[in-house]
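**Q** Provide a 3D model corresponding to the input given below.
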Amino acid sequence: MIERALGILLRLESMVAAVAYSIVGLLLMVDVLGREFFGASLFGAQKMAVYAAIVAGFLGMALATASAAHLRPAFMDGFIPEGREALVDRIGDAISAVIYLVLAWVAIGFVGETMAAGDRAAVLYWTLWPIQLVIPYAFVSCAIRHLAFAWRPALRPETAQAA
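**A** Predicted coordinates:
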């Protein structure tokens, strides 16, 4: 069941990230073409592209975790006793989950402060907090995956075990 849930989560996050990157590309192309051919750019296109890139980037972090393509410190690998790699991986995943949950907690506070202050985006004058919700979401998503990997190491993608 957890494997299926993680698969659904991966597909949803992949689709949203792909749409966000497509929006970035489309907005920047329209902006450049408008300036080059018509002498005017699309109002707010660059700012909208930045926000779409933020969404795609944070979801990309969750996708990297899901595919075991995230950065990991390998400098200590030589100190791991033979036959203990699986245990160290489980401990590492549990620690990573805790770190991501702490980051999610901080991000929730950040979004809450932005909401309370009524902060708005420059140029577009949109409220910022709905866009910022991707930050705690991505941290929680990464934490869930690391908890799943710590609980059931078989869920960890092959690339993580080979790394």
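**Q** that's a helix at residue 93, yeah?
**A** Yes: checked against DSSP: H, G, I helix; E, B strand; the rest coil, residue 93 lies within a helix.
**Q** thought it was touching residue 143?
**A** No: the criterion here is CB atoms under 8 Å, and residue 93 misses it with residue 143 at 10.1 Å. Every C-beta, even on glycine, is put in place using the N, C-alpha and C of the backbone.
**Q** In contact with residue 134, which residues?
**A** Applying CB atoms under 8 Å, 6 or more residues apart in numbering, we find residue 134 in contact with 54-55, 58-59.
**Q** quick one: the strands in the chain?
**A** Secondary structure of the chain, counting by DSSP state E: no strands present.
**Q** what stretches of this structure score poorly on pLDDT?
**A** Within the chain, the stretches with pLDDT under 70 are 72-79, 83-84, 159-163.
**Q** ok, 80 please
**A** 70-86, 88, 158-163 (pLDDT under 80).
**Q** can you map out the helices along it?
**A** In the chain, the helices defined using DSSP state H lie at 2-33, 45-66, 85-117, 129-132, 134-151, 158-162.
**Q** Excluding sequence neighbours, find me the nearest residue to residue 108.
**A** Among residues not flanking residue 108 along the chain, residue 136 sits closest, at 4.7 Å (CB to CB, 6 or more residues apart in numbering).
**Q** Surely the one you found touches residue 102?
**A** No: look at residue 136 against residue 102 with CB under 8 Å: they stay out of range, at 11.3 Å.
**Q** the more surrounded of those two?
**A** Ranked by neighbour count (other CB atoms under 10 Å), residue 136 and residue 102 place residue 136 first, with 20 against 12.
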